[in-house]
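> Build the 3D model from these lines:
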Amino acid sequence: MYGLEFTIGFIGNLVVVLGYIFCLPVWKSTNVYLFNLSLSDLVFLCTLPELSYNYAYNQKKFNPGLCVVNRYILHVNLYSSILFMMWVSVDRFLLMCHPQREHILLTLKAASCITIVNWIWVNAQIAPLVVFIIQDLEEIRWTACRDFASLGVAKVLLIYSVVLTITGYIFPLMGLFLSSHKMVSVLVKREETRGKSFQKPVKIVRSAAIMFLLLYTPLHVMRIVRIASRLPELQLSRCVVDYINSVFIVSRPIAYFHSAINPVFYFLMTDSFKEALQDKFRQIKRMITNAF
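Down below sits the predicted model:
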């Protein structure tokens, strides 16, 4: 699964990042959020070959430094992705209400400030996890790179996981669904001819919210269940614990598949980016044709 995600997602996100840098002459607030989202996905996808290698050798061959860095990047991407997509949906809603972009949050300066705050917020959320990983590596004498739900003291980790799930996943997901609901409310109040042009962004935002709901929910539910299964008070049998851990293992690559799907939203969300990319491809095609 990790190899498949890397193969599909790396090419798509690389095209998007290069397209934003070299093909888009004028940036708007939405482009700032989508560029940071694609950059985060691209960096994350670069960690998957190392992760695949570790699992292929049953984690008997791993670099402790890369273990910390990879787990850190993985979870930063996990929560920055849904947060940036939430801001994209808010941006689309505000643009629907203020087509002339007179709202302060629709400016490039505001989008840049929000982006910086987002990165600070996500890094603050993941900072305790880095501490847990380092403590765990020291405790087991650097012999394995264990996943989130297998670290440290189960009680402490369970509290952190619940808080992270609420603040990093549930709140942004609610923001996504609320934005799409608000868009529909605005469309209902407007006449049909004017509302047609906004049907596309509403469907895209809804699709993004459903994607995160379907991909992220199994991971967050099973992570909490997996950590809870380690509590000595429950006295679960080894067989039950193993089954829970197996389901949790399967839920992880399902959640990370969002990085391979996100490029679809980049192309659909803004027509200007799609047109700029198409123009660049035509220029390259003409250059190749003239050369021969």
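> Identify each buried residue in the helix or strand where residue 30 lies, please.
Counting by DSSP states H and E, the element that carries residue 30 is helix 29-45. By 16 or more other CB atoms under 10 Å, the buried positions in helix 29-45 come out as 29-42, 44-45. Backbone N, C-alpha and C define where each C-beta goes, glycine included.
> Could the C-alpha coordinates of it be exported in CSV?
Extracted in CSV, the C-alpha atoms of helix 29-45 (Å, rounded to 0.1, in the frame of the first residue of the first chain):
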residue,chain,number,x,y,z
SER,A,29,-5.6,33.0,-1.4
THR,A,30,-6.8,29.5,-2.5
ASN,A,31,-3.5,28.9,-4.3
VAL,A,32,-1.5,29.6,-1.1
TYR,A,33,-3.4,26.9,0.8
LEU,A,34,-3.3,24.4,-2.0
PHE,A,35,0.4,24.9,-2.6
ASN,A,36,1.2,24.3,1.0
LEU,A,37,-1.0,21.2,1.0
SER,A,38,0.7,19.8,-2.1
LEU,A,39,4.1,20.6,-0.7
SER,A,40,3.3,18.8,2.6
ASP,A,41,2.0,15.8,0.6
LEU,A,42,5.1,15.7,-1.5
VAL,A,43,7.5,15.8,1.5
PHE,A,44,5.4,13.1,3.2
LEU,A,45,5.4,10.8,0.2
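> The helix or strand residue 124 falls within versus helix 29-45: what angle between them?
For residue 124, the element it lies in under DSSP H and E is helix 108-139. Calculated by axes from the mean of the first three to the mean of the last three CA atoms, to 10 degrees, helix 108-139 forms an angle of 20 degrees with helix 29-45.
> just checking, what packs against helix 108-139?
On a contact count with 3 or more CB pairs under 8 Å, 6 or more residues apart in numbering; DSSP states H and E, helix 108-139 meets helix 29-45, helix 64-97, helix 154-165.
> ok, residue 76 - contacts?
Neighbouring residues of residue 76 by CB atoms under 8 Å, 6 or more residues apart in numbering: 40, 44, 122-123, 126.
> From residue 222, how far off is it?
20 Å (CB to CB, to the nearest Å).
> Ok, residue 146 next?
Distance, residue 146 to residue 222, by CB to CB: 16 Å.
> more neighbours, the two?
More crowded of residue 146 and residue 222, by other CB atoms under 10 Å: residue 222, with 23 against 17.
> and residue 23, how far is that from residue 245?
45 Å.
> what's the closest of the helices and strands packed on helix 108-139 to residue 17?
Nearest of the helices and strands packed on helix 108-139 to residue 17, taken as CB to CB: helix 29-45 at 5.3 Å.
> The closest one packs against which elements?
With contacts taken as 3+ CB pairs under 8 Å, 6+ apart, helix 29-45 sits against helix 2-22, helix 64-97, helix 108-139, helix 258-269.
> nearest to residue 233, of those helices?
Closest approach to residue 233 among the helices and strands packed on helix 29-45 is made by helix 108-139 (20.7 Å; CB to CB).
> Okay, buried residues for the closest one please.
111, 114-115, 118-119, 122, 125-126, 129-130, 132-133, 136-137.
> Show the contacting residues for the closest residue to residue 122 other than its chain neighbours.
Nearest residue to residue 122, sequence neighbours excluded (CB to CB, 6 or more residues apart in numbering): residue 80, at 4.7 Å. By CB under 8 Å, 6+ apart, residue 80 lies in contact with 36-37, 40, 118-119, 122.
> Looking at these, which is nearest residue 66?
residue 40 (18.4 Å).
> you'd agree that closest one is up against residue 82?
No. Counting by CB atoms under 8 Å, residue 82 is not a contact partner of residue 40; they are 10.9 Å apart.
> contacting residues around residue 133?
Counting by CB under 8 Å, 6+ apart, residue 133 has contacts 67-68, 71-72, 151.
> Which two of these have the greatest separation?
Greatest spacing in those, by CB to CB: 72 and 151 (13.0 Å).
> any idea how far residue 201 is from residue 265?
Residue 201 sits 11 Å away from residue 265, going by CB to CB.
> Just want the phi and psi numbers for residue 247.
The phi/psi pair for residue 247 (degrees, to the nearest 10) reads phi -60, psi -40.
> do residue 26 as well
According to degrees, to the nearest 10, residue 26 has phi -120, psi 120.
> what's the pLDDT at it?
At residue 26, the model reports a pLDDT of 80.
> Please report the distance of it from residue 20.
In terms of CB to CB, residue 26 sits 12 Å off from residue 20.
> which stretches of the stretch 101-250 of the chain aren't confidently modelled?
Residues of the stretch 101-250 of the chain meeting the criterion pLDDT under 70: 190-199.
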